[in-house]
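Undergrad: Quick one: sequence plus predicted model below, questions after.
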Protein chains: 2
Amino acid sequence: MKEPIQVFADYIAKNNLKVTPQRMLIVEVFLKDEGHLTTEELYERVKKADPSVGQATVYRTMKLLCDSGIAKEVHFGDGVARYEQSYGSKHHDHLICERCGKNLEVIDDQIERLQDELAAKHGFVLTSHRMYLYGVCSDCRSGK
Amino acid sequence: MKEPIQVFADYIAKNNLKVTPQRMLIVEVFLKDEGHLTTEELYERVKKADPSVGQATVYRTMKLLCDSGIAKEVHFGDGVARYEQSYGSKHHDHLICERCGKNLEVIDDQIERLQDELAAKHGFVLTSHRMYLYGVCSDCRSGK
DNA sequence: TTACCTGCAAACAGTTTGCAGGCCG
DNA sequence: CGGCCTGCAAACTGTTTGCAGGTAA
């Protein structure tokens, strides 16, 4: 399996785009984190390494990362776009604690299968789906 | 079971709010539609009945409807809030056609149960969830 | 009468875009 | 060199809010 960074490099090459220090820095920052960073958070981290980078470049680059397939935009419901790694990491859903904001990536094969069946029952062929489970984690319940 | 409009009236009374023509008009327009209207769409329809109503009032009223429990805000991923009826209509998920925009409300008891189990496995107690299935409907596939 | 409401416009937050200069290939 | 890139600031979109006047109870 190729490295995500390589996937991005291939994408750049194939589309006659250019490898720039800004893009490389942003990809690096993005890949270093396991979570679901907002553009703002990515921008903050990027600025620490190079304060001259503009916010627009972060927005533009994240779009490129999505197009290249190594990033995926997710929305948790608060009107802010977040990004997670999508290349090499399996599809998953989200389990979010409403108190502390903790966010687990979860997956259940049986649910995945039932989703396809449910869609098929209505004549749909699924291309993707998003499932967000909101609740309270055990830490927050015991700490209450 | 009470009528949604009655639920809203009770909410108004209980919170020392007031019944105004604008609010009544907006509720009426909202309840008349089965779908998932955006604030913009609601505003357009409201204006047809009374052009003097302002957009802010629509926003403010939809928030009230959500608080009162007869409306629910949903996000399909395009950064626009939509509203659907939530009082008297069972929980459901969404099956969206990516080509024609068709939107079915679906539900699968087995999936609902597995979601609870999946959350419990991670120590969570679920309070709610959102599931959006994206695909292509049979009409669009055959019409292609 | 007294809150609460309303329309308007300004303010906001997140995101996009036009532009003039800069840099990769 | 030529076209893609960048930072900046202005523009945009969806939504919220302050205000002065209006209205339900």
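TA: Thanks, I have it.
Undergrad: can we go C-alpha only for contacts and neighbour counts from here?
TA: Fine.
Undergrad: Look up the residues forming beta bridges with residue A:81.
TA: Residue A:81 forms beta bridges with residue A:75, as assigned by DSSP bridges.
Undergrad: Could you check the host helix or strand of residue A:63 against chain B for contacts?
TA: Per DSSP states H and E: residue A:63 is located in helix A:55-68. No: Helix A:55-68 is not in contact with chain B by C-alpha under 8 Å from any C-alpha of the partner chain; minimum separation 14.9 Å.
Undergrad: Who are the packing partners of that helix?
TA: Other helices and strands packing on helix A:55-68, by 3 or more C-alpha pairs under 8 Å, 6 or more residues apart in numbering or on different chains; DSSP states H and E, are helix A:4-14, helix A:21-32, helix A:39-49, strand A:71-75.
Undergrad: Looking at these, spot the one closest to residue B:95.
TA: Ranking these by proximity to residue B:95 (C-alpha to C-alpha) places strand A:71-75 first, at 17.2 Å.
Undergrad: Pull out the buried residues from the longest strand along chain A.
TA: In chain A, ranked by residue count with DSSP state E as the criterion, the top strand is strand A:125-136. By 16 or more other C-alpha atoms under 10 Å in any protein chain shown, the buried positions in strand A:125-136 come out as A:125, A:126, A:129, A:130, A:131, A:132, A:133, A:134, A:135, A:136.
Undergrad: could I get those as JSON lines with distance to chain B and pLDDT?
TA: JSON lines is the format used below for the buried residues of strand A:125-136 (distance: C-alpha to the nearest C-alpha, whole Å; pLDDT from 0 to 100):
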{"residue": "A:125", "distance to chain B": "5", "pLDDT": "95"}
{"residue": "A:126", "distance to chain B": "4", "pLDDT": "94"}
{"residue": "A:129", "distance to chain B": "4", "pLDDT": "93"}
{"residue": "A:130", "distance to chain B": "5", "pLDDT": "91"}
{"residue": "A:131", "distance to chain B": "4", "pLDDT": "95"}
{"residue": "A:132", "distance to chain B": "5", "pLDDT": "93"}
{"residue": "A:133", "distance to chain B": "4", "pLDDT": "94"}
{"residue": "A:134", "distance to chain B": "5", "pLDDT": "92"}
{"residue": "A:135", "distance to chain B": "4", "pLDDT": "92"}
{"residue": "A:136", "distance to chain B": "5", "pLDDT": "93"}
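Undergrad: in what helix or strand does the most centrally placed residue in chain A lie?
TA: Chain A has residue A:84 as the residue nearest its centroid, 1.7 Å off, counting by C-alpha atoms, centre = their mean. Using DSSP H and E, residue A:84 sits within strand A:81-85.
Undergrad: is chain B contacted by the helix or strand following that strand?
TA: Downstream of strand A:81-85, the next assigned helix or strand under DSSP H and E is strand A:93-97. Yes: counting by C-alpha under 8 Å from any C-alpha, chain B has neighbours in strand A:93-97: A:95, A:97.
Undergrad: name the helices or strands packed onto strand A:93-97?
TA: Where contact means 3+ C-alpha pairs under 8 Å, 6+ apart, strand A:93-97 is packed against strand A:103-106, strand A:125-136.
Undergrad: Which parts of the shortest one count as buried, going by neighbours?
TA: Taking 16+ other C-alpha under 10 Å as the basis for neighbour counts, the residues of strand A:103-106 that come out buried are A:103, A:104, A:106.
Undergrad: Distance-wise, check residue A:1 relative to residue A:88.
TA: Applying C-alpha to C-alpha, to the nearest Å, the value for residue A:1 to residue A:88 is 8 Å.
Undergrad: Oops, could you answer that again for residue A:17 instead?
TA: With distances taken as C-alpha to C-alpha, residue A:17 is found 23 Å from residue A:88.
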